[in-house]
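>>> Return atomic coordinates for the entry below.
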Amino acid sequence: MTDTSIPSADQSLDEETAAAVGTEEAEETEAESEAPEKKAPAESDLFRQSEIAADYVEGLLDILDYDGDIDELVSGGRPVVEVVGGNLQSLVGQRGATLEALQELARLAVFRQTGSPSRLLLDVGGYRAARRKELAAVAKNAVEKVKEYGEPVRLEPMSAFERKCVHDVVNAMSGVESESEGVEPNRRIVVRPAD
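Numbers count the residues shown, from 1 in each chain. Sure thing, here's the model as predicted:
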């Protein structure tokens, strides 16, 4: 197997890769995909979830004395909260670890008020959009190696959000397939030739 490293965010993407990345804006864990079909929440309920989360995040920003503009929206059938402003990198943390933790706290705040689990997506300073571009380049590189050498390529461990981004790109390309292996936090993707 071949290990790959993450390229810089400024690498160019071809149209196929960019289209695949744009199809889904967030992670989907294997548990969610295996769960029985449930009635989708109404858009007004999703927007309410984003408002609750935005209020929670605004309270955190006030406590931490950070300035940031907060947008609440619904995108791709899920609530989204985006925080934009300067000097927010510490809210993202190394490889998005702090951002993931803040997202879980915001989801808990929504659950506490609504009694329902939320698929809320939190983004700070455009980190997720930039990371999607990096991951698309990683996926494309892995696909090229698989097609060139015919050997599986094992990627570094990733979060559920990151794995979803890679799976979307790989699934949009012919001749290859991907699957996740391992246990959190060391769960990773293996890209291999399609059978």
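>>> any idea how far residue 172 is from residue 80?
23 Å (CB to CB, to the nearest Å). Where C-beta positions appear, they are placed from N, C-alpha and C, glycine not excepted.
>>> Looking at those two, which one has more neighbours?
Between residue 172 and residue 80, residue 80 has the larger neighbour count (other CB atoms under 10 Å), namely 24 against 16.
>>> Give me the residues contacting the helix or strand that one falls within.
Using DSSP states H and E, the secondary-structure element containing residue 80 is strand 78-84. With contact meaning CB atoms under 8 Å, 6 or more residues apart in numbering, strand 78-84 is reached by 25-26, 46-47, 49-50, 53-54, 57, 61, 68-74, 91, 106, 110, 118-126.
>>> Inside strands: which ones of these?
Using DSSP state E to define strands, the subset of the contacts of strand 78-84 located there is 69-74, 121-124.
>>> closest to residue 177 among those residues?
residue 121 (25.9 Å; CB to CB).
>>> Could you tell me the per-residue confidence at the spatially most central residue of the chain?
Among the residues of the chain, residue 161 comes closest to the average C-alpha position under CA atoms, centre = their mean, at 2.8 Å. Looking at residue 161, its pLDDT stands at 87.
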